[in-house]
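Undergrad: Pasting a predicted model and its sequence here:
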Amino acid sequence: MRWHTIDVVINVSLDKIDGTDLFLSYNYPSSKMDNIAKGTLPLLRSRISEKLPMIEMLDGNNFVVHLNSVSQ
């Protein structure tokens, strides 16, 4: 089996801070990566919410990090 790796560039922007919640959005500068991500995001969203409950995935390319849920 041969494994391949690729570099992925993701732009993340801080849109708003509300108390201890950080509202962020992301995008891919490459349209090719955007198409790949659209196909894998449903799987990633469920994995993220299982493993990192402080991250809440929203509609579109938006998510919230609930800092009060991060353990010290």
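TA: That came through fine. Numbers count the residues shown, from 1 in each chain.
Undergrad: drop to CA atoms for contacts and neighbour counts, all remaining ones
TA: Noted.
Undergrad: Residue ranges in this protein under the pLDDT threshold?
TA: 38, 41, 72 (pLDDT under 70).
Undergrad: if I look at Arg47, how far off is Gly19?
TA: 26 Å (C-alpha to C-alpha, to the nearest Å).
Undergrad: which of these two has more neighbours?
TA: Arg47 (12 against 9; other C-alpha atoms under 10 Å).
Undergrad: Phi first, then psi, for that one.
TA: In terms of degrees, to the nearest 10, the main-chain angles of Arg47 are phi -70, psi -40.
Undergrad: how much space between it and Thr40?
TA: 11 Å.
Undergrad: What are the boundaries of the helices in this protein?
TA: Using DSSP state H, the helices of the chain run over residues 31-51.
Undergrad: could you pull out the strands for it?
TA: 11-18, 21-27, 55-57, 62-66 (DSSP state E).
Undergrad: Let me see the residues that make contact with the third one.
TA: Same thing as strand 55-57. Strand 55-57 has contacts (C-alpha atoms under 8 Å, 6 or more residues apart in numbering) with 45, 48-49, 63-66.
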